[in-house]
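A.B. asks: Sequence first, then the predicted structure:
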Amino acid sequence: MNSPPPELQTLRGRLFFWIGLIILPIFWVWWMRAEYFSRTQRRAGGVWTLCYGVALILCKDLVGERLQALMFSYATVSLQLGAVLWLWLLFRVFSLKQLVYLYLVSVDVIAMLASLWVPALSRMEPSPACWIFPLIPAVLHLLVEPVKQWRRRAIVGQ
């Protein structure tokens, strides 16, 4: 078993790993590759995912009611999901010091955009086009590691 990636060895990496494993175990178990995690850890993740899936199935009436209510607010759900994905992307890419500076510089822009988006989204019809907002950061998440590796190779090559 190789050592885990350096991003997972930091406090921030460990914290987000466990938050992700608790909230969205299906995605996290997919990334628990054999080269970084022992068989016991992968089995524990698989058992947790199974328990999570069984709980969703047993609570399908409650989940179904909430999902039906959310269906009429696609735009709001896509905005919230997109905002979380963008925030997570910022935490993956920038250091804490850079995030503080970024927040101080862009707080007014964020406030103005939020005041414009919320009313516009409340009037928007349910449409698959609403999902472009979370789709962009989702694709960027997939590109973080390849870009980091490319950058490391470029720096070493200089």
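C.D. replies: That came in fine, so what should we check first?
A.B. asks: Break this protein down into its structural domains.
C.D. replies: 1-58, 72-158 (automatic domain parsing).
A.B. asks: residue ranges with poor pLDDT in this protein?
C.D. replies: 1-9, 12-24, 26-28, 30-36, 66-75, 118, 121-122, 124, 126 (pLDDT under 70).
A.B. asks: Show me where it has its helices.
C.D. replies: For the chain, applying DSSP state H gives helices covering 6-9, 11-23, 25-30, 39-58, 60-71, 74-93, 96-123, 132-157.
A.B. asks: Just list what the longest one packs against, helices and strands only.
C.D. replies: In this case it means helix 96-123. helix 74-93 (3 or more C-beta pairs under 8 Å, 6 or more residues apart in numbering; DSSP states H and E). Just so you know, the C-beta spots here come from the backbone N, C-alpha and C atoms, and that holds for glycine as well.
A.B. asks: Which parts of the helix it packs on count as buried, going by neighbours?
C.D. replies: Residues Tyr74, Ala75, Val77, Ser78, Leu79, Leu81, Gly82, Ala83, Leu85, Trp86, Leu89, Arg92 are the ones in helix 74-93 that count as buried (16 or more other C-beta atoms under 10 Å).
A.B. asks: what's the closest of the residues you listed to Ser115?
C.D. replies: Using C-beta to C-beta, Leu79 comes nearest to Ser115 of those, at 13.2 Å.
A.B. asks: Distance check, the closest one against Phe133.
C.D. replies: Separation of Leu79 from Phe133 (C-beta to C-beta, to the nearest Å) stands at 6 Å.
A.B. asks: Mind telling me which residue is nearest the centre of the chain?
C.D. replies: The residue lying closest to the centre of the chain (C-alpha atoms, centre = their mean) is Leu85, at 4.5 Å.
A.B. asks: Now do the contacts for it.
C.D. replies: By C-beta atoms under 8 Å, 6 or more residues apart in numbering, Leu85 lies in contact with Pro134, Pro137, Ala138, His141.
A.B. asks: are any of the residues you listed buried, and which?
C.D. replies: Buried among these by 16+ other C-beta under 10 Å: Pro134, Pro137.
A.B. asks: returning to what we had before: out of the buried residues of helix 74-93, which one sits closest to Arg152?
C.D. replies: Among these, Arg92 lies closest to Arg152 (C-beta to C-beta), at 15.6 Å.
A.B. asks: Name the nearest residue to that closest one, ignoring sequence neighbours.
C.D. replies: Val144 (5.7 Å; C-beta to C-beta, 6 or more residues apart in numbering).
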